[in-house]
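Asks: Need the 3D shape of this:
(one chain, ligands or ions: 1)
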Amino acid sequence: MIIKPMIRSNICLSAHPLGCAAETMRQIEYIQARKASYAGLPGPKAVLVLGGSGGYGLATRIAAAFGSGAATVGLSFEKAPSDTKPGTPGWYNNRAFDEAATAAGLVTATLDGDAFSNEAKDEVIATARRLGLVFDLVVYSLASPVRTDPATGIMHRSVLKPIGQSFKGRSVDVFTGRFSDAEVGPCEEEDIANTVKVMGGEDWELWIKALAKAGLLAKDATTVAYSYIGPALSWPIYRDGTIGRAKIHLDATAKSMTARAIVPGLKAYVSVNKAVVTRASAVIPIIPLYVSVLFKVMKARGNHEDCIAQMDRLFRDRLYMKGPDGKILPPAVDAEGRIRLDDLELLPGVQAEVDAIMEKIGPDNLAELADVEGFKADFLAAHGFGLPGIDYDAEVATL
Ligand SMILES: NC(=O)c1ccc[n+]([C@@H]2O[C@H](COP(=O)([O-])OP(=O)(O)OC[C@H]3O[C@@H](n4cnc5c(N)ncnc54)[C@H](O)[C@@H]3O)[C@@H](O)[C@H]2O)c1
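Replies: Numbers count the residues shown, from 1 in each chain. Take a look at the predicted model:
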C-alpha cells in the first residue's frame, strides 16, 4: 500500500516501514561515526531497555549496542502490522534495530508486551537466562497513559493536569500554524495518585527487584529512569502538575533503591533529559510552541541535540567516564542526585532568549521566530516520514 502521514490533532496515526528503518539507521550511523570515542570506556555489557522502541529508549539501546557493543534486550508495547494496516513506528524500529544489531554481530532480543505486567517480567527473565545475560544496566524509558497494577488488577490512568489551579497557555498546531489558547482545569485529587502509579517509580522498582531476585542484576549494576523539568512557563502543568508528582516519586525511588542496595553496589539514577520531539511531544499544551522556539535558539547557538545526541552524551560524558585507575567515575549529579542532560536547554542565556521570543510570537512571525519546520521534521521522522531517499508515492509492504 501507499502510506502517507495521517495526522489528527497533533497525533500521527500511520507509520512508514522503510522510513522508520531509515530513521533507526540514521541514529545507528550517528553512534557508529563516534565509535572510536567509546573505545576504552568501561561501557555496559548487558543492557535491558524498558520502552526501547522509540524516543529516548531506542536511542539508549542504540548507544549501548553500537557504541559500547553491549548485548541488549528491549521491551516495548507496539502494534504489529497486518497486510492491510501498518504497524506502529516502534514495531518497525525494533525490526530495523534487530536486523542491524544481528548484522553487526551483537546479541539482541526484542520483546513485545506490557512492561507493567508480571508476564513481561517473567518473559524478560526467561530471555536473559536463555541468552546467558546478567544486566549491568537497566534503563526505564516508558511513557504510558495507563497501567494495570498486577497486584490489584486495577487500571490507573495518568493525566497531564495542573494541581489546585487552571493552566492557561498558548498552543500551536505545528501542521496548520493555528494558535489557540489552551486551558486545562485542575486535576481531581485521585488524578495525582493515579499519575504517580503510572509514571512514578513503583514499576521501576518492581523490575529491579524481580531481576535481582532472579540473579540477573550484576553487582554494581546501574539503573536509570528518565525525567524532565523544562522551562518555568510549563511548570504549572508539568513540573508542579500531576506528572511532576510522578517524577518526584521517581527521584525518591532512585534514592531509596541506591540506599537499600537491592544488589550490592546498585546505583539508581534519574536522568533529566532535554526536550525533544517524540511521538508524545505534540499533545502537551504549550510544548510544541516552546520546543519549536527552543530548537530555533539552540540551533542558532550550535548546541541543539536530539534523542541520539543526548544518549551519546549520557553514555560518554555521564555514565561511563573512566577515572585514572580505569574504573568508572560516578556521574556528575545535581543537589537532588540527578544526572542533568538538560543543562544546555536550561542555560540562563537560552531560557532568556526563549522567554523573549515567547512574549512576542504569533501567527505572523511564527515561521521566523520558531523552528516549526524542525519540529515537524522530527515529528514526521519519528513516524518514518520525510526521510531522504524514500519514495513515499511508491507501494510499500506493511509486513
Ligand atoms: N520527549 C521528551 O521531550 C522527554 C524529555 C525528557 C524526558 N523524557 C522522558 O523520557 C521517557 C521516555 O519518553 P519518550 O518521549 O522517549 O517516549 P516515547 O513515546 O517515544 O517512547 C515510549 C516507549 O514506552 C513504550 N511503552 C509504553 N507503554 C508501555 C507498556 N505498557 N509496556 C512496555 N512498553 C511501553 C513504548 O512502546 C515506547 O517504546 C519518559 O519518562 C519521558 O518523561 C522525555
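
Asks: got the contact list for residue 116?
Replies: By C-beta atoms under 8 Å, 6 or more residues apart in numbering, the contact set of residue 116 is 144, 147-150, 203. Every C-beta, even on glycine, is put in place using the N, C-alpha and C of the backbone.

Asks: Need the pLDDT of it.
Replies: Residue 116 is assigned a pLDDT of 98 by the prediction.

Asks: again with residue 330
Replies: For residue 330, the predicted pLDDT is 93.

Asks: how about the nearest residue to it, chain neighbours excluded?
Replies: Once flanking residues are discounted, residue 330 sits nearest to residue 267: 7.6 Å by C-beta to C-beta, 6 or more residues apart in numbering.

Asks: Who does the one you found form a beta bridge with?
Replies: With DSSP bridges as the criterion, residue 267 is bridged to residue 222.

Asks: mind checking the SS state of residue 74?
Replies: Using DSSP: H, G, I helix; E, B strand; the rest coil, the structure places residue 74 in strand.

Asks: Count the neighbours of whatever residue of the stretch 1-150 of the chain ends up closest to the ligand for me.
Replies: Nearest residue of the stretch 1-150 of the chain to the ligand: residue 55, at 2.2 Å (C-beta to the nearest ligand atom). Number of residues near residue 55 (other C-beta atoms under 10 Å) recorded here: 24.

Asks: per-residue pLDDT, the residue nearest to it when sequence neighbours are not counted?
Replies: The shortest distance from residue 55 to any non-neighbouring residue, by C-beta to C-beta, 6+ apart, is to residue 278 (3.5 Å). Looking at residue 278, its pLDDT reads 87.

Asks: residues from the stretch 251-399 of the chain in reach of the ligand?
Replies: 273, 275-276, 278-281 (C-beta under 6 Å from any ligand atom).

Asks: you'd agree residue 47 is in a strand?
Replies: Yes. Assessed by three-state DSSP, residue 47 belongs to a strand.

Asks: Which strand residues bridge it?
Replies: residue 72, residue 137.

Asks: okay but it is in contact with residue 62, surely?
Replies: No. Using C-beta atoms under 8 Å, residue 47 is not in contact with residue 62, being 10.8 Å away.

Asks: on that earlier part again, assess the claim that the residue nearest to residue 330 and residue 222 are in contact.
Replies: Yes. Residue 267 is in contact with residue 222 according to C-beta under 8 Å; the separation is 4.9 Å.

Asks: Those two - which one has more neighbours?
Replies: Per other C-beta under 10 Å, whichever of residue 267 and residue 222 has more neighbours is residue 222, with 23 against 18.

Asks: returning to what we had before: if I look at the residue of the stretch 1-150 of the chain closest to the ligand, how far off is residue 126?
Replies: 26 Å (C-beta to C-beta, to the nearest Å).

Asks: Next, residue 276: phi, psi?
Replies: Phi and psi for residue 276, reported as degrees, to the nearest 10, are phi -130, psi 180.

Asks: ok, it - contacts?
Replies: 55-56, 291, 305-307, 310, 378.

Asks: So which of the residues you listed sit within helices?
Replies: If you go by DSSP state H, those have 55-56, 291, 307, 310, 378 in helices.
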